[in-house]
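**Student:** Give me coordinates for this.
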Amino acid sequence: MQKRKSLIVLISILVTTTLAGFFVYPGNAVSNKLPWHLGLDLVGGSALVYEVDLSNIEPDGYEDAVAGLKEVIERRVNIFGVSEPKVTSAKKGDSYQLLVELAGVDAEDAARQIGKTPVLEFKEVKAGEDGLPSYTPTDLTGRFLDGAGIAFDQYSNEAIVTLQFNEEGADIFAAVTKRNVGLPLAVFIDGELITAPTVQQEITGGTAQITGGPGGFNIEEARNLVENFNAGALSAPINLINQRKVSASAATDSLNKIIFAGLVGTAMILLFMAIYYRGLGIVAGLALIIYTILSLGVFKLVPNFTMTLAGIAGFILSIGMAVDANILIFERTKEELKAGHGKEQSIEEGFKRAWTSIKDSNTSTIITAIILYAFTSSFVKGFALTLGMGVLVSMFSAIFVTRTILRVFMEK
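**Tutor:** Numbers count the residues shown, from 1 in each chain. As a prediction, the model looks like this:
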């Protein structure tokens, strides 16, 4: 009865592994529905390092300012069609830096698109003594703007520009519009007037719309205006201090090399296990193949996961951890056999007695991976993520998959 249940479980594992294989192998219909996201070190691209100027911001607002910068830069680089732009922050002494990684994007184009920080200002318009308009600055600046977008009027289908302010900005915007009903409200970028819409009423809630007057905006005009607003929404100036370009050919060469090294290393492990442990080693090899495919499937299912060279290194290291668990089990099984116990009892005792060591060693590795992921950035995070998740799957593979295979094929 137990052997029959184990056979059903094994068939389920093999079916799941086969489906996972189609899912992770690129170039087929199943895999293309959720393609791999590869880092710039695997497909080429650019990495830009910006230094954040926080001199005009109070210290307790540093974190919010940097977080706002990350969001706006992500919106800016979306113009490249980059599905997963990677923007991370790092504190260097008393200053902050932003690392922007764009896979498949030229560094010069990226730097030009992200640009420096335009200053976005909203000013009240008054009639001067000479008949020319005069502009009075308000407290409302780009730091209070969450973003701008394009919408369409439901009646005329004309393009309109929408603005969304944060909570503090919404209060300031409401006060400004209240005292300027019926008057223009001028918007400046780096001291240049870009638009001066007339305030129709007091606007509360932090959401506003700008129409193009009687003729309305065309799409190009609306898009340019949105880009100007979003460009000025940065809460602090940024300066490009370093840029690095990774060519596509060099990235492909690195990817091919690490895949080849991983395959050779895995093949040598399988050969060693088969020679040294014979039948048990062959079972361990089958479990290792299943582990490898299932792990890749789990990685691909993680939202916003980007595979990098460091991530592949962490995954290959977890393969070694999976084999290590099998070695602990098999060595304990050999000791039980030498003590005169039967084959079935020895194997069961081997799993039971080795579990404590496997659990403790893998738990320490997982804790290390969590610490690395929480307190580091960039490539180290990818390494920590694949290592930690790989070790979790390896525990399942070593204990559950290997034992199931042995229960099916073991002769009493």
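**Student:** And for T18, the neighbour number?
**Tutor:** Counted with other CB atoms under 10 Å, residues neighbouring T18 total 11. C-beta coordinates here come from the backbone N, C-alpha and C atoms, glycine included.
**Student:** likewise the one 4 residues further on?
**Tutor:** Applying other CB under 10 Å, we find 13 residues neighbouring F22.
**Student:** Next: K3.
**Tutor:** 12.
**Student:** Likewise for L14?
**Tutor:** 14.
**Student:** can you pull the contacts of it?
**Tutor:** I290 (CB atoms under 8 Å, 6 or more residues apart in numbering).
**Student:** got the residue ranges for the strands in the chain?
**Tutor:** Applying DSSP state E to the chain gives strands spanning 45-52, 86-92, 95-103, 120-127, 133-141, 145-152, 159-165, 185-189, 192-195, 207-210, 238-246.
**Student:** so what does the last one touch, helix or strand wise?
**Tutor:** So that's strand 238-246. The contact analysis (3 or more CB pairs under 8 Å, 6 or more residues apart in numbering; DSSP states H and E) places strand 238-246 against strand 45-52, helix 107-114.
**Student:** for the record, mean pLDDT for that strand?
**Tutor:** What strand 238-246 shows for mean pLDDT is 81.
**Student:** Could you tell me the angle between that strand and strand 95-103?
**Tutor:** 40 degrees (axes from the mean of the first three to the mean of the last three CA atoms, to 10 degrees).
**Student:** got the buried residues for strand 238-246?
**Tutor:** Neighbour counts using 16 or more other CB atoms under 10 Å place 238, 240, 245-246 of strand 238-246 among the buried residues.
**Student:** The stretch 201-350 of the chain: helices as residue ranges?
**Tutor:** Using DSSP state H, counting those that start in this stretch, the helices of the stretch 201-350 of the chain run over residues 219-231, 248-277, 279-301, 309-338, 343-375.
**Student:** Could you name the stretch from the ones you listed that's closest to L120?
**Tutor:** helix 219-231 (6.8 Å; CB to CB).
**Student:** of all the buried residues of strand 238-246, which two lie farthest apart?
**Tutor:** Farthest-apart pair in the buried residues of strand 238-246 is I238 and V246; separation 21.9 Å (CB to CB).
**Student:** Among the helices and strands packed on strand 238-246, show the one with the smallest mean pLDDT.
**Tutor:** Among the helices and strands packed on strand 238-246, helix 107-114 scores lowest, at a mean of 68.
**Student:** residues contacting V380?
**Tutor:** 310, 372.
**Student:** what's the answer for G390, then?
**Tutor:** So G390 contacts 295, 314-315, 317-319, 321-322 (CB under 8 Å, 6+ apart).
**Student:** show me where pLDDT drops low in the stretch 101-250 of the chain?
**Tutor:** Applying pLDDT under 70 to the stretch 101-250 of the chain flags the ranges 104-107, 109-110, 112-119, 128, 190, 212-216, 231-235, 248.
**Student:** Pipe the strands of the chain into a markdown table and attach distance to F409 per row.
**Tutor:** Listed next are the strands of the chain as a markdown table, based on distance: least, CB to CB, whole Å:
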| stretch | distance to F409 |
| --- | --- |
| strand 45-52 | 48 |
| strand 86-92 | 46 |
| strand 95-103 | 45 |
| strand 120-127 | 70 |
| strand 133-141 | 71 |
| strand 145-152 | 60 |
| strand 159-165 | 62 |
| strand 185-189 | 72 |
| strand 192-195 | 74 |
| strand 207-210 | 66 |
| strand 238-246 | 47 |
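**Student:** which one of those lies closest to Y25?
**Tutor:** Across the strands of the chain, Y25 has its closest neighbour in strand 95-103 (20.5 Å, CB to CB).
**Student:** just how off-centre is that closest one within its chain?
**Tutor:** On the basis of CA atoms, centre = their mean, to the nearest Å, strand 95-103 sits 13 Å off its chain's mean C-alpha point.
**Student:** Find the pair from the contacts of G390 with maximum spatial separation.
**Tutor:** Spatial extent of these (CB to CB) is set by the pair G314 and A322 at 13.0 Å.
**Student:** Just give me the residue closest to the centre of the chain.
**Tutor:** The centre of the chain sits closest to N304, judged by CA atoms, centre = their mean, with a distance of 4.1 Å.
**Student:** if I look at that one, how far off is G382?
**Tutor:** 12 Å (CB to CB, to the nearest Å).
**Student:** Also G285?
**Tutor:** 27 Å.
**Student:** Compare the two and say which is more crowded by neighbours.
**Tutor:** The neighbour comparison of G285 against G382 (other CB under 10 Å) goes to G382, with 24 against 21.
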